[in-house]
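Participant: with the sequence up front, the predicted model follows.
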Amino acid sequence: MSVPFRPSAIKRYTFMLEEPRPPLMLASAMSRSSQMRVRTTAYTHSESDHIAYGVKSALGTDLRFGTVRSAAADWSRYPVGTVFRISGQPGIVYVVDDYGSALVGTGTIDLYKPSRSMMNNWGVRHVDIEVIQWGSFEKSMELMRDRTKWRHVRAMMDGIEARLRTAGVPMTQSHYTAAL
């Protein structure tokens, strides 16, 4: 017996034709393609606003600079764990493992550089990136849950909740209010 397809009732059907993707893939028009043009800047661990954290990322791991490199972003746009590459940099991938208050709401990705001279040489560049794997909004929320005293963290959490609502993902009170 076959079930007739009724477009007016589409909200009642759930199709799982492929592995589930993060809600960013559903909620954001820019993510229909895994390639996009983004504004990038650079940061280093010796900057005055990062000196308290040293060479540690928001995950508590060492910032990386090698074939795998650390990047900071607004986790409501690029959730923690997002892996991407920049066109023209073969053999190098970046992983979003950090965030910064100046990045929230901008769409800018900040690339870690181990020295001030490398940071200054990068400057501001608009580059083409290819997202290899989207990170996890759930992990982003979990990591930020105890950090809500900072306005930029609350803004990222609100942004994630808005994306999840847009994608039709049911939200529980524990996603955000557990930290308040």
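Facilitator: That came in fine, so what should we check first?

Participant: elements contacting the longest helix anywhere in the chain?
Facilitator: Criterion DSSP state H: the longest helix present in the chain is helix 151-166. On a contact count with 3 or more CB pairs under 8 Å, 6 or more residues apart in numbering; DSSP states H and E, helix 151-166 meets helix 23-27, helix 137-144. From N, CA and C alone the C-beta is placed, and that goes for glycine too.

Participant: least confident of these, on average?
Facilitator: Across these, helix 23-27 has the smallest mean pLDDT, namely a mean of 42.

Participant: just checking, next helix/strand downstream of it?
Facilitator: On the C-terminal side of helix 23-27, the closest following helix or strand by DSSP states H and E is strand 35-43.

Participant: tell me which residues in that next one are buried?
Facilitator: 36, 38, 40-43 (16 or more other CB atoms under 10 Å).

Participant: tell me the centre residue of this structure?
Facilitator: residue 78 (1.7 Å; CA atoms, centre = their mean).

Participant: ok, that one touching residue 109?
Facilitator: Yes. Counting by CB atoms under 8 Å, residue 78 touches residue 109, with 6.6 Å between them.

Participant: appreciated, that's everything.
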